[in-house]
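> got a sequence here, can you model it:
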Amino acid sequence: MATLSLTQFLTLDGVHQAPGGPDEDRSGGFEHGGWSVPFGDEDFGRRIEEIFARPTAFLLGRRTYDIFAGYWPKQTDPSDPVASKLNALPKYVATTTLDSAGWEHTTLLRGDVVQEVAALKESLDGEIQMHGSAGLARTLLDHDLIDTLHLHVFPVVLGSGRRLFAEGVRPTAFRLVEASVTGTGVTLHTYERVGRPTYGSYA
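Numbering: from 1, shown residues only. Sure, this is the predicted structure:
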């Protein structure tokens, strides 16, 4: 059985929208696209390489798939640790709107996404990785299907934009298993899901 991990870039106020460029996602009038780019350094690059060394498959939401499919198939250097994995490994896309996918090794998941992903985890081995895909991630978090969170928190506050942990997300407890900081101040956290929160009182 495979595990499912989510790698997500977040601001200090929890925004995940359009970290990679001004035109990546302007929905809702978002004008802060590209906010993660100034913080890229060697430390962050090593972190990304470590994550992309592990997957056996990828699971993507429609919006993230479109962004990735417009860029990564054009990156053909076999020594590129990200492109080589994204182009060669199986990719599963949760969608109700795509009828076909031109990126090699892509399978469309067009049924009930919770059932489809649960079945995918049962049928595969290793680590299925999600990157971005926050809308899909919120659905899967609500059904305890994401096992590991890699949250990369950037030292910037935007005040607007879509947030990963929006109102109504299912209460869930996680255990911190790894933490580090890049030279530009990005905090890199890895959490494993442990179940429901527990509560107490200081009174």
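> all strands of this structure, in order?
With strands called from DSSP state E, the chain shows them at 3-11, 57-61, 91-94, 106-109, 127-131, 148-154, 173-181, 187-195.
> mind giving me the packing neighbours of the third one?
In other words, strand 91-94. On a contact count with 3 or more Cβ pairs under 8 Å, 6 or more residues apart in numbering; DSSP states H and E, strand 91-94 meets strand 57-61, helix 62-69, strand 106-109, helix 113-123. Backbone N, C-alpha and C define where each C-beta goes, glycine included.
> columns mean pLDDT on top of these, output as a markdown table?
Output for the helices and strands packed on strand 91-94, formatted as a markdown table (pLDDT from 0 to 100):
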| stretch | mean pLDDT |
| --- | --- |
| strand 57-61 | 97 |
| helix 62-69 | 93 |
| strand 106-109 | 96 |
| helix 113-123 | 97 |
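> geometric centre of the protein: which residue is closest?
H131 (2.6 Å; Cα atoms, centre = their mean).
> where does D125 land on pLDDT?
pLDDT, D125: 97.
> one step back: among the strands of the chain, which comes closest to R163?
Nearest to R163 among those is strand 3-11 (8.3 Å), distances taken as Cβ to Cβ.
> CA atoms only: put the closest one into PDB for me.
In PDB, the C-alpha atoms belonging to strand 3-11 read as follows (Å, rounded to 0.1, in the frame of the first residue of the first chain):
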ATOM      1  CA  THR A   3       1.500   6.500   1.300                       C
ATOM      2  CA  LEU A   4       0.300   9.900   0.100                       C
ATOM      3  CA  SER A   5       2.300  13.100   0.800                       C
ATOM      4  CA  LEU A   6       1.500  16.700   0.100                       C
ATOM      5  CA  THR A   7       4.100  19.300  -0.600                       C
ATOM      6  CA  GLN A   8       2.700  22.800  -0.200                       C
ATOM      7  CA  PHE A   9       4.200  26.300  -0.300                       C
ATOM      8  CA  LEU A  10       2.500  28.700   2.200                       C
ATOM      9  CA  THR A  11       2.900  32.300   3.400                       C
END
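> which neighbours does that strand have in its sheet, and in what orientation?
Sheet pairing of strand 3-11 (DSSP bridges) gives strand 127-131 (parallel), strand 148-154 (parallel).
> what comes into contact with that strand?
16, 19, 35-36, 51, 59, 117, 121, 126-134, 137, 140, 145-154, 156-158, 161, 164 (Cβ atoms under 8 Å, 6 or more residues apart in numbering).
> and the angle from that strand to strand 187-195?
Interaxial angle of strand 3-11 relative to strand 187-195 (axes from the mean of the first three to the mean of the last three Cα atoms, to 10 degrees): 140 degrees.
> next, the buried residues of strand 3-11.
Residues of strand 3-11 classed as buried by neighbour count (16 or more other Cβ atoms under 10 Å): 3-11.
> coming back round to it: dump the strands of the chain to TSV, plus distance to T76.
Formatted as TSV, the strands of the chain follow (distance: least, Cβ to Cβ, whole Å):
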stretch	distance to T76
strand 3-11	23
strand 57-61	18
strand 91-94	17
strand 106-109	17
strand 127-131	20
strand 148-154	26
strand 173-181	31
strand 187-195	29
